[in-house]
Every structure is written in structure tokens, then in C-alpha cells.
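K.L.:
Have a look at this prediction, sequence included:
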Amino acid sequence: MSVKINIPPFFSHFISDQTVVEVNGSTVGQCLEQLVTQFPQLRKRLLEKDGTVNRLVAIYVNGESTYPEELATPVKDGDELHIEVIISGG
Amino acid sequence: MAMLTRDEREKYDRQMMIKGFGEEGQAKLKKARVFIAGAGGLGSAVATYLTVAGVGMIRVVDHDKVELSNLNRQVLHWQRDIGKGKVTSAAEKLKRLNPRVKVEAIEEVITKANVSQLVAGFDLIVDAMDNLPTRYLLNKVAIERNMPLFHGAVHGFEGRAMTIIPSETACLRCVYRGAIVEGKFPVIGVTPGVIGCIQATEAIKYIVGIGQLLTNRLLVYDGLNMKFTEFKVKKDPNCQHCGDVKDKDSSER
């Protein structure tokens, strides 16, 4: 199932300035695993060592928060996934 | 209801023309007491627009001194202010922008020990801070005191904004769970300008009682690609600050 992952400006330089990557998966976890396998530099930025979502990012599917299910959240063909990074500057 | 003077009627004529605003809305602004945490990039924009809109009182709190490297974005501080306390510098400009607005400058670090006292007696809190631990403190005190919180944050060309109405909407801790290692962050002045104006817009709407607030929605601004994206967020029943089970929060100062 094809899912679009929108990459935030924070991370796009790790993937040759791409802003969207298409992956296949039926859960958020499968989609992210495919993304970090393709772009290993993103792994530690998206996932903690225990495999959970990094606490500095939030994952949204079709504009809705996936918390607390996060990686277990189901996705279907055509869904759009956004990765957003917590920022704190003022 | 606070009465408007003839001079105020003329000064605020254009905004009172907005549907739903009127003299009544302006009188609400005149009565409003706004707490602004931070007199940096976000604080400069928020305080400027709330001042010219005619809020009654602003208390601005920040412990920093003005530095040369602040001047690309913190528009209330000028070259001649270097070395001065940011709140003193900000208060001077705000008073000149609108002499009728009462501005109180407090040069202090916001801590767990003083935050409740600092916000006491105010109608709302604007989060114009530059670090997450203090934002969490503001979020917690907003929930405890049932005060609305207007959140904003910036990094580079990116910004975030969200409005929190305690007990009704998702709070900052429902959305942000991590703790960022603090330090020097990249930013260009236009970004806190955009986000600070969004925070000020939200505060004005809340005070006047018009429009739809940015609640249960996180607004993400991407200036590089000039995109605004909105994400739906929800109250977390297990939230450390507003949930049913409140755990000790180790991220606080």
C-alpha cells in the first residue's frame, strides 16, 4: 500500500532535499521502518533505541495525531503521513 | 465595562469596525491584563501588536540582557539598548507606542517557585519563551489556574502555534512529550514576527470573544516552502499535566 511521507525541512537535507518519500506499509511503524532502511541517517532521529517513536518528533496521519498508538496506527493506500519535529526557540 | 475616551474611539476606529468587535470589544481589550513570558523574538511581536491593539495591561517577564546577536529578530531592542535588561528595553518602546497601556517589566527567571505568583491576577498567558522546560511550567500553571495559554515556538524559517484552553482542549504536554537540549538555535527575524502575530491574533480573539481559536490544532509554519499546515491534536487522558493521572514531570525547572 502506497503511503506518502512528508519530510520536514529539519530532515530533508539527510535525504538529498526530498520533501516527500513514497513507501509501502500497513502501519505507521512499517512505513517508518522502510524510510529509515532507505535513509539510515534518519533512524536515530525518528526512532528511540527501543524502537519507539523519538520523543522529539510527532507523527500525523492525514493531519491527525497518531499518539498514543503511534507505530501501531494503521494506514491505507493513499494515506499521507507527516513527521513533525518539536521546536522550542523564541 | 471600561468606557472608551474620545481619543480611544478615534485611535481604534478601524478595528472597532470589524464585525463582532465594536466598542464593546475594544472595552474588553482595555480591561484585559496580559502576561507575556519572554521579551525576545516572539515577545517583541506579541507585545507590539497587543500594545497597539489597546490591551489594558501587559506584564512582561525575562531575565536576559540585550545582546548584539538579538537584533536580527528582537525588534523591540535596538543598538543603543545593548547591555540593558530586555524587559526594560521592551517596556520603554511599548510605552511610547501606546502611552495608555500599562506595561510592567519584571527582570526575573521564571521558575517553579515563582511562576504561580507571577501570573496571578492576569487574564491570559502568552508563551514567548525560548526553552521547553519553562514552556512546560507555563502550561502547568495555566492548567492549575485555569488560564488560557497562547503557545508559539520558532526555529530557522519554521514556527508552531497553538492555543490552549484548560479543561477544554489539548494542552502543550498532550502534544509535546520530549525535552530538547537547550542551546543557540538558528532563526531569522521574520519567523518570530509571523508566529508572534498569530499568538497576538489569538489573544485578541479570545479577549474580544470572536472567531474560532486555534485549539486542538497545531499550526505548523514552513517559511522556506511558504506552507501553513494544521494538525489535529487531542487531549491525552494520560497527560502528565491535564490528564486524569498526573505524574511527576521531570522536565520542569
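P.N.:
Okay, I see it.
K.L.:
what's the span of stretch B:96-111 from first residue to last?
P.N.:
In stretch B:96-111, first residue to last residue: 30 Å (Cα to Cα, to the nearest Å).
K.L.:
Now that stretch: buried residues?
P.N.:
Neighbour-count burial for stretch B:96-111, counted by 16 or more other Cβ atoms under 10 Å in any protein chain shown, picks out B:Asn98, B:Val101, B:Val103, B:Ala105, B:Ile106, B:Glu107, B:Ile110. (Each C-beta comes from the backbone N, C-alpha and C, glycine too.)
K.L.:
Is it positioned near chain A?
P.N.:
No: Stretch B:96-111 does not reach chain A (Cβ under 8 Å from any Cβ of the partner chain); its nearest approach is 12.2 Å.
K.L.:
That stretch: how far from the chain's middle?
P.N.:
Mean-position distance between stretch B:96-111 and its chain equals 13 Å (Cα atoms, centre = their mean, to the nearest Å).
K.L.:
quick one, helices of chain A?
P.N.:
Ranges of helices in chain A, per DSSP state H, are A:9-12, A:28-38, A:43-46.
K.L.:
Please tell me how far A:Arg55 sits from B:Asn238.
P.N.:
A:Arg55 sits 15 Å away from B:Asn238 when distances are taken as Cβ to Cβ, to the nearest Å.
K.L.:
do the same with B:Lys31
P.N.:
As judged by Cβ to Cβ, B:Lys31 and B:Asn238 stand 38 Å apart.
K.L.:
ok, those two, which is more surrounded?
P.N.:
Ranked by neighbour count (other Cβ atoms under 10 Å in any protein chain shown), B:Lys31 and B:Asn238 place B:Lys31 first, with 14 against 11.
K.L.:
Not counting its neighbours along the chain, what's nearest residue 85?
P.N.:
Let's take chain A. With sequence-adjacent residues excluded and distances taken as Cβ to Cβ, 6 or more residues apart in numbering or on different chains, A:Val85 is closest to A:Phe10, at 4.6 Å.
K.L.:
wait, I meant chain B there
P.N.:
Take B:Gly85 and drop its neighbours on the chain: the residue closest to it by Cβ to Cβ, 6+ apart is B:Glu107, 4.5 Å away.
K.L.:
so who does the one you found touch?
P.N.:
By Cβ atoms under 8 Å, 6 or more residues apart in numbering or on different chains, the contact list for B:Glu107 reads B:Val61, B:Asp62, B:His63, B:Gly85, B:Lys86, B:Val87, B:Thr88.
K.L.:
can you count the residues close to the residue nearest to B:Leu124 when sequence neighbours are not counted?
P.N.:
Leaving aside its sequence neighbours, B:Leu124 sits nearest to B:Pro148 (Cβ to Cβ, 6+ apart; 4.7 Å). Summarising burial for B:Pro148: neighbours were counted as other Cβ under 10 Å, giving 21.
K.L.:
Please look at B:Pro148 and B:Thr163 and confirm they touch.
P.N.:
Yes: the pair B:Pro148 / B:Thr163 is scored as a contact, 6.8 Å apart, by Cβ atoms under 8 Å.
K.L.:
what do those two both touch?
P.N.:
B:Tyr206.
K.L.:
what sits against the spatially closest residue to B:Val190 that is not a sequence neighbour?
P.N.:
In space, and not counting its chain neighbours, B:Val190 is closest to B:Gly223: 6.8 Å by Cβ to Cβ, 6+ apart. With contact taken as Cβ under 8 Å, 6+ apart, B:Gly223 is in contact with B:Gly156, B:Phe157, B:Glu158, B:Gly159, B:Ile188, B:Val190, B:Thr191, B:Val194.
K.L.:
Distance of B:Gly223 relative to B:Val181?
P.N.:
B:Gly223 sits at a distance of 24 Å from B:Val181 (criterion: Cβ to Cβ).
K.L.:
With B:Ile36 instead?
P.N.:
Distance, B:Ile36 to B:Val181, using Cβ to Cβ: 25 Å.
K.L.:
Please say which of those two ends up with more neighbours.
P.N.:
B:Ile36 (31 against 7).
K.L.:
Please spell out which residues along stretch B:83-100 are buried.
P.N.:
Neighbour counts using 16+ other Cβ under 10 Å place B:Lys84, B:Gly85, B:Lys86, B:Val87, B:Thr88, B:Ser89, B:Ala90, B:Ala91, B:Glu92, B:Lys93, B:Leu94, B:Asn98 of stretch B:83-100 among the buried residues.
K.L.:
residues in contact with the second one?
P.N.:
In this case it means B:Gly85. Counted by Cβ under 8 Å, 6+ apart, B:Gly85 has contacts B:Asp62, B:Asp64, B:Lys65, B:Val66, B:Ala105, B:Glu107.
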